[in-house]
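[1] Starting from these lines, generate the structure:
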Amino acid sequence: MKLHFSPIGFMLAYCLVYIAALLWDLPAFLYYPLDGQFSWGPAVVQGLGPAMAWYGIMAEAALIAAILAVIVPDRWFADRMQNVLWTVPVAAMLICTFLMRTFFG
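    Numbers count the residues shown, from 1 in each chain. Down below sits the predicted model:
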């Protein structure tokens with residue numbers, strides 16, 4: 001059996017999962033750069049310094065998007081959303097900018 005990968009499905013799922021993980025602060029893991037350690041889940045480990053959630057959010061979004069890109073056929077998206085697919089990454093970028101607005105000012 002040959003696996004078919006849907007780039008459109010990956011893009012849509014990645015954008016949506018990334019926004020959800022950022023909105024509800026649910027990274028798959030946290031990275032502590034001062035100690036070079038990882039911890040699973042969003043719980044902060046005391047005594048290891050500041051944690052970075054971005055790597056966990058990226059990995060979580062990529063993993064879920066890859067699974068969905070294999071499950072859902074590419075044709076399904078192209079038939080239903082052909083003219084509006086470009087709006088998803090643009091909307092995701094604007095939503096992420098809004099969610100992280102406190103870092104810009």
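[2] in the protein, which spans are helices?
    7-23, 54-71, 74-81, 87-99 (DSSP state H).
[3] wait, which of these is closest to residue 30?
    helix 54-71 (5.9 Å; CB to CB). C-beta: built from backbone N, CA, C; applies to glycine.
[4] List the buried residues for the closest one?
    Within helix 54-71, the residues that count as buried by 16 or more other CB atoms under 10 Å are 56, 57, 60, 61, 62, 64, 65, 68, 69.
[5] Relative to residue 102, which of these is nearest.
    Using CB to CB, the buried residues of helix 54-71 come closest to residue 102 at residue 57, 16.7 Å.
[6] Point out where this protein drops to low pLDDT.
    1, 76-77 (pLDDT under 70).
[7] how deep is the closest residue to residue 35 other than its chain neighbours tucked in, by neighbour count?
    For residue 35, ignoring the flanking residues on the chain, the nearest one in space by CB to CB, 6 or more residues apart in numbering is residue 48 at 5.1 Å. When neighbours are counted by other CB atoms under 10 Å, residue 48 registers 16.
[8] Is residue 48 in contact with residue 38, as I believe?
    No. Contact criterion CB atoms under 8 Å: residue 48 and residue 38 do not qualify, at 10.1 Å.
[9] intersection of neighbour lists for the two?
    Shared contacts of residue 48 and residue 38, defined by CB atoms under 8 Å, 6 or more residues apart in numbering, are found at residue 32.
[10] Quick one: the helices of the chain as TSV, columns for distance to residue 42 too.
    Converted to TSV, those look like this (distance: least, CB to CB, whole Å):
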stretch	distance to residue 42
helix 7-23	9
helix 54-71	8
helix 74-81	30
helix 87-99	16
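[11] out of the ones you listed, which comes closest to residue 32?
    Of all the helices of the chain, helix 54-71 comes closest under CB to CB, at 10.8 Å.
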